[in-house]
Structure formats: C-alpha cells, structure tokens
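**Q** Can you look at this prediction? I've put the sequence above it.
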Amino acid sequence: MNMNESWRVRHGSWQQLQRQAAPIRQAVFVMEQGVPEALELDDLDAVSEHWLASDEQGSAIATGRLTPDGHIGRLAVLSPWRGQGVGALIVRDMLRHARDRGYEQVVLNAQTHALGFYQGLGFQAEGPVFDDAGLPHRRMVQRLTPAAAQRGKSTE
C-alpha cells in the first residue's frame with residue numbers, strides 16, 4: 001500500500017535528526033548489510049544536511065544525507081517501506097535542494113542492486129564497479145540545471 005500522501009519529509013542537521021535517522025541506518029547498513037559500524041557513522045554526518053521521512057503516525061521510515069560537496073549518501077529505507085516511493089521522494093527533495101543551492105551536479109556511490117532505482121531518478125553510471133565496505137558499488141552522477149534556468153523554461 002502506497003502511503004505517499006501521508007509521508008512527511010524534512011531536512012536538517014545531524015544534531016536535529018540523528019536520534020531518528022541513526023537507528024534506520026543501523027538497521028539497514030549494519031544489521032541487514034553487514035557494514036561495520038565504525039564505517040557507517042563518519043565525520044561527514046556533522047557537516048552534511050540530512051533528510052528524514054516519517055509515516056502518518058510520525059515514525060521515521062527513511063533517511064539520507066547530502067554532503068557539502070554534493071554527494072548523496074546513506075540513503076536507507078526500512079524494509080517494510082521499500083518499493084513504495086519513499087526513497088525516491090527523499091532523493092527528489094535532495095536534488096531540488098541541491099539545484100536551489102546552485103550545485104552543478106550531484107554524485108553518489110550506488111550499491112549495484114540499486115543502479116536501476118537511481119537511473120530512474122536521472123542518474124548516470126560512470127566508471128567501473130568498486131568495493132565499498134564489502135559491497136559492490138558504482139559511481140553515479142546527475143548534472144543539474146540551475147533552478148533559475150528551470151523556472152525560465154517554457155512548458156510546451
């Protein structure tokens with residue numbers, strides 16, 4: 001069942017969202033995927049902007065971050081909510097935010113099983129598959145049109 005109309009997505013600092021975001025990342029990356037806990041939390045959390053999606057009851061269900069240099073990462077959706085569009089909702093909001101901030105591109109390192117998900121959101125794979133925390137990944141990039149240019153486009 002798609003609960004898209006009732007999801008709430010907000011973004012803020014790690015200090016603001018850590019209490020709700022960290023358990024999601026722990027469940028997905030450490031518990032499910034076996035990423036070492038020491039690699040999952042890093043110094044970029046403190047300087048990145050974070051997103052958090054909640055269901056209609058206010059329970060946190062998904063998270064992600066955007067680093068100051070335009071890298072999307074730590075996108076994690078709790079298992080019962082996967083495949084319903086909440087991850088895409090977060091990524092689209094991150095892209096809108098990056099575009100509004102004048103980023104020329106956004107980059108991410110996608111786990112290979114998620115390549116199709118990101119391609120569907122406009123990302124293009126670049127370079128070879130590589131190992132990150134024991135999982136196969138591939139670099140993906142989306143070049144952004146500045147927000148001002150988008151607003152000026154006609155809608156033919």
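**A** The structure has been received and is ready for your questions.

**Q** burial of residue 104, as a residue count?
**A** Residue 104 has 11 neighbours, counted by other Cβ atoms under 10 Å. For every residue, glycine as well, the C-beta is placed using N, CA and C.

**Q** Contact partners for it?
**A** 70, 143-144 (Cβ atoms under 8 Å, 6 or more residues apart in numbering).

**Q** hey, where'd the strands end up in this protein?
**A** Here the chain has its strands, by DSSP state E, at 8-12, 49-54, 60-66, 71-77, 105-111, 124-132, 135-143.

**Q** ok so, going back, now the buried members of the contacts of residue 104.
**A** The neighbour count (16 or more other Cβ atoms under 10 Å) marks 70, 144 as buried among the contacts of residue 104.

**Q** okay, the contacts of residue 104 in JSON lines with distance to residue 23 next?
**A** Listed next are these as JSON lines, based on distance: Cβ to Cβ, whole Å:
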{"residue": "70", "distance to residue 23": "26"}
{"residue": "143", "distance to residue 23": "34"}
{"residue": "144", "distance to residue 23": "31"}
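
**Q** Who does residue 62 form a beta bridge with?
**A** On the basis of DSSP bridges, residue 62 is bridged to residue 53, residue 77.

**Q** hang on, I meant residue 105
**A** With DSSP bridges as the rule, residue 105 is bridged to residue 143.

**Q** Give me the distance between it and residue 124.
**A** From residue 105 across to residue 124, the span is 10 Å (Cβ to Cβ, to the nearest Å).
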